[in-house]
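# Let me see the structure of the following:
(2 chains)
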Amino acid sequence: MDLHNVLDFPILSLSIFLPSLGALFIWLFVRGDDAVRWSALAVSVATFLVTLPLALQFDTTTAHMQFEEFHRWIPAFNINYQLGVDGISMPFILLTSLLTVICIISAWECIRTRVKEYMLAFLVLETTLIGVFSALDAVLFYFFWEAMLIPMYLIIGVWGGKNRVYATIKFFLYTLAGSVLMLVALLAMYFKAGHTFSMLDFMDYPFDFTWQFWIWIAFFIAFAVKVPMWPVHTWLPDAHTEAPTAGSVILAGILLKMGAYGFLRFSLPMLPDASQYFVPFVVALSLIAIIYISLVAMMQQDMKRLIAYSSIAHMGFVTLGTFMFTQPAVEGAIIGMISHGFVAAALFLCVGVMYDRLHTREIADYGGVVNVMPVFAAVMMVFCMANVALPGASAFIGEIMVLIGTFDASSVAQAQLGMVSSKWIAIGAATSVVLSACYTLWMYKRVIMGDLTKDTVKGMPDMNMREFGYFVPLIMLVVWLGLYPLPVLDVMHESVAHLIAQATTSKLDAAAALAQHMPVQQLAVH
Amino acid sequence: MHETALTLNTTELLAIPALPLLAALLAGLFGWALKEKLTHWICCLGVIGSAILSIDVFMQVQAGASFYGNYWTWMLSDQFVVPVGMMIDRLTAIMMVTVTIVSACVHVYTIGYMHGDPGYTRFFSYISAFTFSMLVLVMGNNFFTLFFGWEAVGLFSYLLIGFWFKRESANFAALKAFIVNRVGDFGFAIGILAVWYYFGTVDYHEVFRMVPDFVTQHVSLHFMGWEVTAITFMCLALFIGAMGKSAQVPLHVWLPDSMEGPTPISALIHAATMVTAGVFMVARLSPMFEFSETALATVTVVGAITAWMCATIGLVQNDIKRVIAYSTCSQLGYMFVACGVSAYSAGIFHLMTHAYFKALLFLAAGSVIHGMMAKQDIRIMGQLRRFMPVTYITMLIGALALAGLPPFAGYWSKDLIIEAAAVRGMGWSSELAYWCVLTGVFMTAFYTFRMFFLTFHNSDRVPAKIKAHVHESPKVITVPLLILSVGAIGAGFWGVSVGLTEAEVIHGYFANSIFVLEAHNPLLTLEAAETNHTLGFFTHYGPLLLALGGIGLAWFMYFRETAMPAKLAASFPRVHDFLLNKWYWDELFDKLFVRPARCLGTMLWQKGDLDMIDKGMIHGGIVDSIKSGAARMRAMQTGMVYHYAFAMVIGVFGFLTYLLLKA
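A predicted model of the protein is given here:
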């Protein structure tokens, strides 16, 4: 048990269920759109405050799980309600609770139909997301992972754009297909590892290579769809384009991170040998994501689609860093995810601000916005530059650390890459320096700069205080993380070091030893 | 040098970049409330304060003080540590003084030049923030602070080129500048990765200390049959960054277009300070470049080609700012030649003199443009000396300095570069460089005075409508011109007097802040040659004669026989078009990179994402097979209970068998 948490107060449980309880309360007792908005905001702010102690009381000197909770849930199958966070998962919980507040504020005026249901969906979504990041039991994890689909499905399907049905079904089928395989993998591990669903047990159990291989593939499909990685990424641009603004924010800000979190929590520590084996594969897909997707992003006509593609490209850095097994690379990947959570969220909010005024996402319908919305233009400039990973912005920290860690990849990763030196991979990934500038700033130029020629644009009023209000904390966070990322890095040092130790230590010897000690079981299987 | 007893005051050092930053933040965030007057007071005072402190620091450094220290840790992960700190030595000090003085002049000038512009406070905020970034760039003590400043100056350059955002051409130029610079930054970033990889640190001192040992280990890289030594790889990668920022061929294409920005920033950013960052970088990293002959040769050749090629383009341009812009590219080429032949102090000397006289030329050109109602075409100017005497005189000083006539500043530094290239003897590269920079002198003098005569002498071609408006600029504009004139005249003498022309390391100004291998040192060779009187007459006086020849030809063509240029252009149309169209670099890049990238992007999107993945793989492959599979499955769902019961029994048997075997 965590020493810092003196009262043994179940902070994690509270963080998970407060939004849902709030949602229940709102559903039953709150009437009137405005009352719903305010109470939803109150619930989300309260949740954010509840998650704060996770950061403030976090013990940065250990890789052990903290704020642990344990209750028996379904003893027949040894399924437990087991929660806990370490330096890898804790930042994501805060990111979730923060972005949910921003989502609720951003939906204040633009959601006019079914306001209550909309707010409920977001609060329930928050529960599932925090659940995913704090679950230490595989079934619990799977439960939250799948439950997340329902509110997200509704958010896109009910409040989405014209083509929302197509986008929703695509989104749902892709992610569901992936998660089914994950379920199979979890069951396989359950039986193999001796009837346990504890993720910590999975990390310790020495799976032999064949098991690791197949389980890894099953996990990979589930996570790759979520990240998303090429070639299973095409659901994302559609989902983003059709989703309401806040839906895009949460999708880019949190949902995509679940895939990469899965790699960090499942693939690397549980299946180290398979993870090493697949390094060239993941690296190739990551480079495709960075280069191919950037080129595709450049040619997009729809702003949201462009930012969606840019998200995929940025996630390419994350997957690349994850599979380099070096501390700077993995920490860079995590910082990159947090940063992307701010930057992509902010960019979608920027598009949302314009969309609320003109009801179009086409780049060609804009031009010269700076003339009528100077403050907005400045705000968007900040986030575009952050998206380009300019030093001083959070994205730079993530990308440069991934590049550093890739250039100097661990011997384990390099051994898998064989003839191809990781240096050339880092150089390939560094092309993003040019490509991200091309697609981001070209869009900025076409949308924001230029003279006022379109009558529709002339009528756009600048941001109001509410809109300005949710950009300010995001700007501060991006700059803070860009100039002084040390506190966040501190949080993850121990956990990441532990993770890398797990990922680079082969389980095969232990698996062989286990097989020798238990000949009976071996016979039985044959 | 590191163990000097005298250490500079930390607070004073921090105040130098902090003052402009503070001014920029105030102007940027509260400009709407401060209004014009208060904003320009805040920004000017901030930068002038920074300039005064810089001069003070410079004097202390001159007296032997230095500073080295870290303030905070930027990044930390395992072995990877990036501190933020300062390193102040003689090289830094001279840069700080140059940057802040030119910046202060430009700030004051801006009060007059941008008067009444709707973006007045925004402009001040940008140029103050730029000054801060540039100071970070030169004062930092490691590769990451260098990179931070590097990218920040790029950002403000981008914002300022696109300052008049209503103009499509300005927006395009801003985008082009940023992207071309990013191509350079790509190299720079790789250079930093390599430095960290090989040395395990990004701190200047530590890296420089390790280089000599590292070189003896002969670490090398292999790529597709090529083998390069690691030190060469690092230097070349970093130099790509320098080529982008300092507009060297083929990454020079953005600089002439950057003239879309307001003139004060052309003077500050695109002439005096930011574009010289590449030269500063090479000089700062001299302890690395010195150990790679290949890198030095590359720097020399790239510099030489740029110096020569941009001079040829400058010969025929008709936009007053573009003539000066191409001259900037060309002069930056000179500075790189100096660095390439290991005459770093000559390069930095030229950087400094160039900063004064080129800023002067730009600001004078700005004064002309101001008087001409924003017209920049020298074909519709002429006889302006009657209307703008101060501008005329100061521009003449700038032009003489650029052409390289004694006693003006440019003469001393440029002459030194040419002589250094002449005596260096590093094979064909320094040979080529010598001839390029030598013939460049003639062209420089010619195009400078072509522009000068066409603007201030020649026939009066000013349209009547504008003529009524032509006037001398107000004092806020002319006073900075006069101050910079002092620099354009005096900087050369000053440089000679403090020892900028003398060999580094041995007894020159830079002492240990620049490193030169003794075998390379061309300034040492020059000194020896001068004492022995072995330096040939032509090596010594050739550049001066060529400069005079260039001015003479310009005088002949644009003062006396004014019909000649048109005839000449008509008789060599191909050459003229080739130069007028800037050697067709833009067209080449458009065909080579821009179009293919767009085609590729469209193709990957339409064919790859939509056709192959969505239609082919998902719909054609998975969805269709699910459909046909489902059709078959439907047939199984007969609705008859015994079918289902049978399936259930089979299932239960299967499951039980599995469990039994397992147990």
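# can you give me the helices in the stretch 151-300 of chain A?
Counting by DSSP state H, counting those that start in this stretch, the stretch 151-300 of chain A has helices at residues A:164-192, A:199-204, A:209-226, A:235-242, A:245-250, A:256-262, A:268-270, A:272-277, A:279-298.
# just the stretch 551-663 of chain B next, same as before
So, for the stretch 551-663 of chain B - with DSSP H, counting those that start in this stretch - the helices run B:564-571, B:573-580, B:585-589, B:595-603, B:624-636, B:641-662.
# can you tell me which of the helices of the stretch 151-300 of chain A comes nearest to chain B?
In terms of Cβ to the nearest Cβ, the element of the helices of the stretch 151-300 of chain A nearest to chain B is helix A:279-298, at 3.9 Å. Placement of C-beta: from N, CA and C, glycine included.
# by contact count, what packs against the closest one?
Applying 3 or more Cβ pairs under 8 Å, 6 or more residues apart in numbering or on different chains; DSSP states H and E, we find helix A:279-298 packed against helix A:303-322, helix A:411-417, helix A:422-430, helix A:432-447, helix B:595-603.
# Comparing the ones you listed, which comes out most buried?
helix A:303-322 (a mean of 27; mean count of other Cβ atoms under 10 Å in any protein chain shown).
# which element follows it toward the C-terminus?
Following helix A:303-322 in sequence order, the next helix or strand is helix A:327-358 (DSSP states H and E).
# what pairs with B:V81 across the strands?
B:L76 (DSSP bridges).
# which residues touch it?
Counting by Cβ atoms under 8 Å, 6 or more residues apart in numbering or on different chains, B:V81 touches B:73, B:75, B:201.
# what about dumping the CA coordinates of the helix or strand of chain B with the lowest mean pLDDT to CSV?
In chain B, no helix or strand scores lower on mean pLDDT, DSSP states H and E than helix B:624-636, which sits at a mean of 71. The C-alpha trace of helix B:624-636 is given here as CSV (Å, rounded to 0.1, in the frame of the first residue of the first chain):
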residue,chain,number,x,y,z
ASP,B,624,-17.2,-8.8,-48.7
SER,B,625,-15.9,-12.0,-47.1
ILE,B,626,-18.0,-11.3,-44.0
LYS,B,627,-21.0,-10.8,-46.2
SER,B,628,-20.6,-14.0,-48.1
GLY,B,629,-19.6,-15.8,-44.9
ALA,B,630,-22.7,-14.4,-43.2
ALA,B,631,-24.8,-15.7,-46.0
ARG,B,632,-23.6,-19.2,-45.4
MET,B,633,-24.0,-18.7,-41.6
ARG,B,634,-27.6,-17.6,-42.2
ALA,B,635,-28.3,-20.9,-43.8
MET,B,636,-27.2,-22.7,-40.6
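# just the angle between it and helix A:164-192, please?
Computed by axes from the mean of the first three to the mean of the last three Cα atoms, to 10 degrees, the angle separating helix B:624-636 from helix A:164-192 equals 70 degrees.
# ok, residues contacting helix B:624-636?
B:H643.
# again, but for stretch A:232-239
Outside stretch A:232-239, the residues touching it (Cβ under 8 Å, 6+ apart) are A:156, A:163, A:166-168, A:170-171, A:174-175, A:178, A:221, A:224-225, A:227-228, A:251, A:256, A:289, A:293, A:305, A:308-309, A:311-312, B:609-610, B:613-614, B:618.
# mind running it again at 7 Å?
Stretch A:232-239 has contacts (Cβ atoms under 7 Å, 6 or more residues apart in numbering or on different chains) with A:156, A:166-167, A:170-171, A:174, A:224-225, A:228, A:251, A:305, A:308-309, A:312, B:609, B:613-614.
# how far is that stretch from where the chain is centred?
Centroid displacement of stretch A:232-239 relative to its chain, using Cα atoms, centre = their mean, to the nearest Å, is 15 Å.
# near chain B, which residues of the stretch 401-526 of chain A?
Counting by Cβ under 7 Å from any Cβ of the partner chain, the residues of the stretch 401-526 of chain A close to chain B are A:401, A:403-404, A:407-408, A:424, A:426-427, A:430-431, A:433-434, A:437-438, A:441-442, A:445, A:449-451, A:485-486, A:489, A:524.
# Buried residues of stretch B:466-478, list them for me.
B:470, B:472-473, B:477-478 (16 or more other Cβ atoms under 10 Å in any protein chain shown).
# can you tell me which of the residues you listed are up against chain A?
For chain A, no contacts are drawn from the buried residues of stretch B:466-478 by Cβ under 7 Å from any Cβ.
# Mind checking which of these land in helices?
Mapping the buried residues of stretch B:466-478 onto helices (DSSP state H) picks out B:477-478.
# Closest one to B:H40 out of the buried residues of stretch B:466-478, please.
Nearest to B:H40 among the buried residues of stretch B:466-478 is B:I477, at 13.5 Å by Cβ to Cβ.
# need the contact list for that closest one.
B:109, B:112-113, B:367, B:370.
# biggest separation within those residues, which pair?
Using Cβ to Cβ, the pair of the contacts of B:I477 lying farthest apart is B:Y109 and B:H370, separated by 10.1 Å.
# Tell me who's in contact with A:V491.
A:58, A:60, A:87, A:90-91 are the contacts of A:V491 under Cβ under 7 Å, 6+ apart.
# Oh, that last question was meant for A:A364, not what I typed.
Contact analysis of A:A364 by Cβ under 7 Å, 6+ apart lists A:Q301.
# roughly how far is the longest strand anywhere in chain A from the heart of the chain?
For chain A, the longest strand by residue count, based on DSSP state E, is strand A:66-74. Counting by Cα atoms, centre = their mean, strand A:66-74 is centred 24 Å from the centre of its parent chain.
# likewise stretch B:287-294?
From the chain centre to the centre of stretch B:287-294 is a distance of 21 Å (Cα atoms, centre = their mean).
# Stretch B:21-35 now?
Taking Cα atoms, centre = their mean, one finds stretch B:21-35 lying 27 Å from the centre of the chain it belongs to.
# Next: stretch B:88-104.
The chain centroid and the centroid of stretch B:88-104 are separated by 16 Å under Cα atoms, centre = their mean.
# where in the chain is pLDDT low?
Picking chain A for this. A:1-8, A:518-526 (pLDDT under 70).
# I was thinking of chain B, sorry if that wasn't clear
Short version for chain B, where the test is pLDDT under 70: B:1-5, B:224, B:504-506, B:618-623, B:635-639, B:662-663.
# That one: strands as residue ranges?
B:67-77, B:80-88, B:220-223, B:226-229.
# circling back: also compute the angle for the least confident helix or strand of chain B relative to helix B:641-662, please.
110 degrees.
# Can I get the buried part of the contacts of stretch A:232-239 as one ChimeraX selection?
Burial among those is assessed by 16+ other Cβ under 10 Å; the matching ChimeraX selection reads:
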select /A:156,167,170,171,174,224,225,228,251,305,308,309,312 /B:609,613,614
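# quick one: the top helix by length along chain B near chain A?
Secondary structure of chain B per DSSP H: the longest helix is helix B:10-62. No - for helix B:10-62 and chain A, the contact criterion (Cβ under 7 Å from any Cβ) is not met; the two come no nearer than 8.5 Å.
# what's the spacing between that helix and its chain's center?
Relative to its parent chain, helix B:10-62 has a centroid offset of 23 Å by Cα atoms, centre = their mean.
# again, but for stretch B:52-65
26 Å.
# Extract the C-alpha set from that stretch and format it as CSV.
The C-alpha coordinates for stretch B:52-65 follow below in CSV (Å, rounded to 0.1, in the frame of the first residue of the first chain):
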residue,chain,number,x,y,z
ILE,B,52,24.2,49.3,-23.1
LEU,B,53,24.6,46.2,-20.9
SER,B,54,26.1,44.3,-23.8
ILE,B,55,28.7,47.0,-24.4
ASP,B,56,29.5,46.9,-20.7
VAL,B,57,29.9,43.1,-20.8
PHE,B,58,32.0,43.5,-23.9
MET,B,59,34.4,45.8,-22.1
GLN,B,60,34.7,43.4,-19.3
VAL,B,61,35.3,40.5,-21.6
GLN,B,62,37.9,42.6,-23.3
ALA,B,63,39.6,43.0,-19.9
GLY,B,64,39.7,39.2,-19.6
ALA,B,65,36.4,38.3,-17.9
